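Novice: sharing a sequence plus its predicted fold:
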Amino acid sequence: MRPEVLNPVFADTKTLEGVGPKLAKPLEKLGLSTVKDVAYHLPERFVTRRAITNLDEGAEGEQVIVALTPTEHRAPYNPGRGPYRVLAQDEAGNIAALTYFGRASYTAKKQLPVGEKRWVAGRLDRYGDMLQIVHPDHVESESSAPMGRTTEAVYRLSEGLTQPRIASLAEQALERMPDLPEWIEPGQFEREAWPSWGEAMKVAHQGPNEPARARLAYDELLANSLALLLVKAEGRRRKGQALAGDGRMREKLALPFEMTGAQKRSIAEIEGDLQQEAPMLRLLQGDVGAGKTVVALAAMLIACEAGKQAALLAPTEILARQHFETLRTMAAPTGVEIALLTGRAKGKERESILIGLLDGSIDILVGTHAIFQDSVSYKDLGLVVIDEQHRFGVAQRLALAGKGKRAPHTLAMTATPIPRSLTLAQYGEMDVSRLDELPPGRQAIETLVFPQGRSEEMVAAMGRHLATGQQAYWVCPMVREAGGAFASADIAAAEARYAELKERFGDDVVLVHGQLRPEIKDANMERFVQGEAKLLIATTVIEVGVDVPTATLMVIEQAERFGLAQLHQLRGRVGRGSEKSRCVLLRGDELSETGKKRLTYVKDSQDGFYLAEKDLELRGGGELLGTRQSGEAAFRLADLEQVQRLLPTAHADARLLLERDGGLTSPRGEAARILLYLFERDWGVQLLRGG
Ligand code: ADP
Ligand code: MG
C-alpha cells in the first residue's frame, strides 16, 4: 500500500479544476494521468518577451508581444497542404503574417477575426519580405494587458492544450503537493546547495534554475538506482542453481558456419556464469546481424544439457515465430524439444504446450509475453533469454524470474549499442558480453539518399530489382501516437503505397503493419520469408530481428521521420546474404539541420557504436533511453547530461543507504520508500515486503 501522504499526489488529473474528459485526453497523450505527473511536467524552456508597439522595433528571432489587427485570412490553395496565414497589422500599418499549420488553423479562424485588435505573443521571423510569427504562443483579446519583459514557461504540449492552460494546471497541481520527508542526506544538500523537494518543484516551474532541476533529476536517478539495487539484492537472496553442461548437445549442432571469436568468447562467459549458483544477470550486446541468436541457442542448450528448461522471450509475435523456426532448424540434430507459445495459441494447442512444460517434455519454450502468464508453469526453468530487452520492463522480467523453483539465470540481448555511461542506468549492474565482430563475408550496404519527389523513379528501379528475382523491403513511417494508436494518416499512406505497388507488381507484393489482424500479418510475413512474395511493404514491425538473406534492397520513405538508431536497425534487414545490398533513403523537402545530419551519418557509416554516439550528440540520448512519449523512457526528468553527471553519485548514495538500512525502516528509509512510489519504482518496495 502506498503511503497515505501520497494520496493527493496520485489523484487523477480529473480532480484538477477545469479538467474533464475533454481535457484529460490531451493530458493523457503527454503521459499525464495523475496530479503528480502534471506537477512533474516541467517546462521545456523559458522565454523572455518584450512588449513592442511597432513591428519594426522587433529584431528577427526575438520573442515579442505586440498588438495586431487581422486584415485578411489566407487559406491554403489546397486544404490540408501548405499553411494557413492571417495577415495582421500594427498601429503603424506594418504587416505581419501569422502562420498556422495543420489543425492549428481552426484555432486561428476563431481567435483572429478580421478587424479586431489582439495581443499576439511569439517569435518574430522572416517570410519573404514580410515578418511572420509561426504558431503564436498567445493570442489574447485587447482587454487583457500585455506583460512587460517577463519570463514565461514553455511546456511540451499535445493537441488540445495551450500554454496558459497547462501553466494554470501546473500551478494547481503544485498547490496540492504535500510536504514530504527528506530522502537526501544533509551532507549532499550542503555540497550541492540544493533546495528542498517542495521548493525545487515550485521554482523549477518559475524560471531556469539549475540547482532545482538537478535536485529533481537526482531524485529520479536515486529512485532508479534504489529499485535496481533492491532487485539485485532480491536476486541474491533467492538461490539459483548451477548449470553444468557437458557439451553433448552443443556438439551435435549442425551450423553452416564457423562461430566468430566474439561469439565463442560470449558463450564462454555465459557458460562460466551458468556454472555458478548465483543467478546470472548478463546482457549480450551486438549490432544487428552480429549473430546473437546462435549464442542464445548455445546458452539454452547448456541448460538443457544440465537437465533444465529454457525460455526465450521475444518482443513481437513475428520475431517469436522466426526465432522458433530458426532454433528448430539449427537444433534439430540435438533432439531437444522446442515449442512456441504466443497469445494466439488457444484450446488444445495451448493445453498440450502447458502440459509439456509441466511434465518436462518441452525443453525450450519460445514466445511472447504469453510465456509468463500465471497459468504457465515450468517443470524446472533454468534459464530465461530475453531478446531486445529494452522493450520489457523490469517488472515483467521479475514476473518471469519468479517462475522457477529457484531463480533462473537471465540473459538479455540487445542490438542497441548503449554507451557504458548509460548501461548502468538502463540495466543496473548487469554483466555485459559484447559481440563486437560481425560474421565474415558481410558486404557493405550501399546507402543512398534521394528526395521523396523521386519516389516514382524509385518505383521503376524497384521493378528492375524484382525482375532479377531478388526480394526487397519498402518501409513507410508509422508513428504510434501517445496513448497507443497509430496515426491514421500514416496507415492511409502505407495502404496507398501498397495499393500502388500491388497494381504495378501484382501478387508478389505483401503488406505488414501493426494495424493488420495478427493472422493476416503472419501469413503475409510467412509468404515473404518463404520467398513467395518478393516485395514487403512494411512499417517498423520489421525493425528487429527479421532475417531474410535474399532481400537485398530497402527503400525507406520519409526517412527523416525515423531516428538514427531506428534507421540503422531497419537497414540491418538487408546485407544479410552474399549478394550486394542497397538501402535508399527518401527524404522529404522540409528537412531540419538535425534531420539532414542524421541521414548523412547513416549514409556514411554502418558502425552501430559510431552511430549511437552521433545519436547521443544529436538527440541528447532521447532515443537511447527510449522515447519519452511511449512511456518506455528510463527517465522523465533527468536528461543525458544529468545522467552522466549525477548517476554515479546517486548510485553510490543508494548503495550506502541500503547498506545501512536494507529494509528501509529508518526515517530516511521511510522517505526513500516514498521516493520509490513517487517515481513509480514501487516494484522495489514490493520486493522488500516479500522478503
Ligand atoms: P542478430 O540477432 O545479432 O541480429 P542473427 O543471430 O539473426 O543476428 O544472425 C544474422 C545472420 O548471420 C543469420 O543469418 C545467422 O545465421 C548468420 N550468422 C550468425 N553467426 C554467423 C557466423 N559466425 N558466420 C556466418 N554467419 C553467421
Ligand atoms: Mg536477433
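Specialist: On my side now, so go ahead. Numbering: from 1, shown residues only. Ligands and ions are numbered 1, 2, ... in the order given.
Novice: now residue 343, nearest residue through space, not along the chain?
Specialist: residue 370 (4.5 Å; Cβ to Cβ, 6 or more residues apart in numbering). C-betas here are computed from N, CA, C, even on glycine.
Novice: give the contact list for that neighbour.
Specialist: 341, 342, 343, 345, 376 (Cβ atoms under 8 Å, 6 or more residues apart in numbering).
Novice: lowest-pLDDT helix or strand in this structure?
Specialist: The helix or strand of the chain with the poorest confidence is helix 394-401; it has a mean of 55 (mean pLDDT, DSSP states H and E).
Novice: ok, then the element right after that helix?
Specialist: Beyond helix 394-401 on the C-terminal side, the first helix or strand identified by DSSP states H and E is strand 409-414.
Novice: mind giving me the packing neighbours of that following strand?
Specialist: When contacts are defined as 3 or more Cβ pairs under 8 Å, 6 or more residues apart in numbering; DSSP states H and E, strand 409-414 sits against helix 261-274, strand 281-286, helix 292-305, strand 381-387, helix 394-401.
Novice: count of neighbours near residue 334?
Specialist: As a burial measure, the neighbour count of residue 334 was computed by other Cβ atoms under 10 Å and equals 19.
Novice: mind listing what the longest strand along the chain pairs with, with the direction of each?
Specialist: When every strand of the chain is counted residue by residue (DSSP state E), the longest turns out to be strand 63-74. Using DSSP bridges, the neighbouring strands of strand 63-74 in the sheet come out as strand 45-52 (parallel), strand 84-89 (antiparallel), strand 118-127 (antiparallel).
Novice: can you name the residues that contact the spatially most distant residue from the centre of the chain?
Specialist: Distance from the centre of the chain peaks at residue 92, with 50.0 Å (Cα atoms, centre = their mean). When the contact criterion is Cβ under 8 Å, 6+ apart, the partners of residue 92 are 54, 55, 56.
Novice: for the stretch 551-691 of the chain, which residue gets nearest to ligand 1?
Specialist: Scanning the stretch 551-691 of the chain for the residue nearest ligand 1 gives residue 576, at 5.6 Å (criterion: Cβ to the nearest ligand atom).
Novice: hmm, back to that, how near is the residue nearest to residue 343 to ligand 1?
Specialist: Taken as Cβ to the nearest ligand atom, to the nearest Å, the spacing of residue 370 relative to ligand 1 amounts to 21 Å.
Novice: in three-state terms, label that residue for me.
Specialist: Put simply, residue 370 is helix when judged by DSSP: H, G, I helix; E, B strand; the rest coil.
Novice: same thing with residue 668?
Specialist: Residue 668 carries the three-state label helix when classified by three-state DSSP.
Novice: ok, for it, nearest residue in space, not its chain neighbours?
Specialist: For residue 668, ignoring the flanking residues on the chain, the nearest one in space by Cβ to Cβ, 6+ apart is residue 183 at 6.4 Å.
Novice: can you check residue 48 too?
Specialist: Among residues not flanking residue 48 along the chain, residue 151 sits closest, at 5.1 Å (Cβ to Cβ, 6+ apart).
Novice: wait, the one you found sits on residue 47?
Specialist: Yes. With contact taken as Cβ atoms under 8 Å, residue 151 and residue 47 are classed as touching, separated by 7.3 Å.
Novice: of the two, which one has the most company?
Specialist: Taking neighbours as other Cβ under 10 Å, residue 151 and residue 47 compare with residue 47 leading, 17 against 12.
Novice: surely the more buried one meets residue 138?
Specialist: No. Here residue 47 does not reach residue 138: they are 10.7 Å apart, not a contact under Cβ under 8 Å.
Novice: still on that earlier bit, specify which member of the contacts of residue 370 is nearest to ligand 1.
Specialist: Nearest to ligand 1 out of the contacts of residue 370 is residue 342 (Cβ to the nearest ligand atom; 19.1 Å).
Novice: for the closest one, what are its contacts?
Specialist: When the contact criterion is Cβ under 8 Å, 6+ apart, the partners of residue 342 are 317, 320, 321, 367, 368, 370.
Novice: same thing but at 6 Å, please
Specialist: 317, 320, 367, 368, 370 (Cβ atoms under 6 Å, 6 or more residues apart in numbering).
Novice: skipping adjacent residues, who's closest to it in space?
Specialist: Here the nearest residue to residue 342 in space, its sequence neighbours aside, is residue 368; by Cβ to Cβ, 6+ apart that works out to 4.9 Å.
Novice: likewise residue 32?
Specialist: Spatial nearest neighbour of residue 32, chain neighbours left out: residue 38 (5.2 Å); criterion: Cβ to Cβ, 6+ apart.
Novice: which strand or helix spans the one you found?
Specialist: Counting by DSSP H and E, residue 38 is part of helix 35-39.
Novice: what does that helix rub up against?
Specialist: Contacts of helix 35-39 (Cβ under 6 Å, 6+ apart): 9, 11, 32, 169, 170, 173, 174, 176, 177.
Novice: convert the C-alpha atoms of that helix to PDB, please.
Specialist: Written as PDB, here are the backbone C-alpha positions of helix 35-39 (Å, rounded to 0.1, in the frame of the first residue of the first chain):
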ATOM      1  CA  VAL A  35      -1.700  15.300 -10.300                       C
ATOM      2  CA  LYS A  36       1.900  14.400  -9.600                       C
ATOM      3  CA  ASP A  37       2.500  13.900 -13.400                       C
ATOM      4  CA  VAL A  38       1.300  17.400 -14.000                       C
ATOM      5  CA  ALA A  39       3.500  18.800 -11.200                       C
END
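Novice: so what are the domain limits for the chain?
Specialist: As assigned by automatic domain parsing, the chain contains the domains 45-154, 239-435, 446-605.
Novice: okay if I get these as CSV plus distance to residue 676?
Specialist: Formatted as CSV, the domains of the chain follow (distance: least, Cβ to Cβ, whole Å):
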stretch, distance to residue 676
domain 45-154, 28
domain 239-435, 13
domain 446-605, 25
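Novice: out of those domains, which is closest to residue 200?
Specialist: Nearest to residue 200, of all the domains of the chain, is domain 45-154, at 15.1 Å by Cβ to Cβ.
Novice: what's the end-to-end length of the closest one?
Specialist: Its start and end residues considered, domain 45-154 measures 5 Å (Cα to Cα, to the nearest Å).
Novice: how far is that domain from where the chain is centred?
Specialist: Distance of domain 45-154 from its chain centroid, counting by Cα atoms, centre = their mean, to the nearest Å, is 35 Å.
Novice: and residue 365, how far from ligand 1?
Specialist: Relative to ligand 1, residue 365 is positioned 19 Å away (Cβ to the nearest ligand atom).
Novice: quick one: low-confidence ranges for the chain?
Specialist: Within the chain, the ranges that satisfy pLDDT under 70 run 79-81, 142-149, 235-236, 389-405, 417-429, 479-488, 540-545, 616, 619-634, 683-691.
Novice: can you list the residues of it near ligand 1?
Specialist: 257, 259-260, 263, 286, 288-294, 415, 439, 545, 547, 549, 576 (Cβ under 6 Å from any ligand atom).
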